[in-house]
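**Q** below is the sequence, then the predicted model.
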Amino acid sequence: MERIMVAIDGSPDANRALDAAAKLAESTGAELLILNIGGEISSAEMRRLASADGDLSKRLKQIADDILKQGGKRAKRHGVETIRLQCEWGDPAETIIATAKHEKADVIVVGRRGRGRLSALLLGSVSQKVASLAPCMVMVVP
Ligand SMILES: Nc1ncnc2c1ncn2[C@@H]1O[C@H](COP(=O)(O)OP(=O)(O)O)[C@@H](O)[C@H]1O
Ligand SMILES: [Mg+2]
């Protein structure tokens, strides 16, 4: 295994996915690519940001960078040697799949649910779409 990609949205589920991915990377010597698809915030938060001073797109980039920075720190604690942080924009599931193809990931790791825990789905819509359409193995972490 050469490249393990984990998609994180800053949720507790995604943190568990990150821990599992980091352990796998540490034990196989694979590179760990940590990916966040930015811009996914609640409409209340979006309203707040839009009415606040400052550049909305910059603030969204900052939120994504914070999620990735926390993720990088968390992965380091597991002793992973090679960690790469990546931020992309677009539909989360489609962008996760496109990035996995582009980066030739051997496995995509996602959490079962994410930040949008309000819906009644058992599996989040992103994890469901990724598991259905990915070009490689998908690990769904409970
Ligand atoms: N914007 C995102 N960027 C990166 N990964 C994401 C994003 N949204 C979801 N994921 C991944 O998909 C998993 C499941 O989230 P999701 O399907 O969105 O469930 P929910 O509907 O509960 O938010 C997350 O734990 C994370 O691994
Ligand atoms: Mg979600």
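**A** Great, that's in hand. Numbering: from 1, shown residues only. Ligands and ions are numbered 1, 2, ... in the order given.

**Q** farthest residue from the center of this protein?
**A** Distance from the centre of the chain peaks at residue 53, with 28.0 Å (C-alpha atoms, centre = their mean).

**Q** that residue - that's part of a helix, no?
**A** No - secondary structure of residue 53 (DSSP: H, G, I helix; E, B strand; the rest coil): coil, not part of a helix.

**Q** quick one: the residue of the chain found nearest ligand 1 from residue 73, how far?
**A** Closest approach between the chain and ligand 1, counting by C-beta to the nearest ligand atom: residue 124, at 1.9 Å. Every C-beta, even on glycine, is put in place using the N, C-alpha and C of the backbone. For residue 124, the distance to residue 73 (C-beta to C-beta, to the nearest Å) stands at 24 Å.

**Q** comparing these two, which shows the higher neighbour count?
**A** residue 124 (25 against 10; other C-beta atoms under 10 Å).

**Q** and the more buried one, what does it touch?
**A** 13, 111, 112, 113, 114, 116 (C-beta atoms under 8 Å, 6 or more residues apart in numbering).
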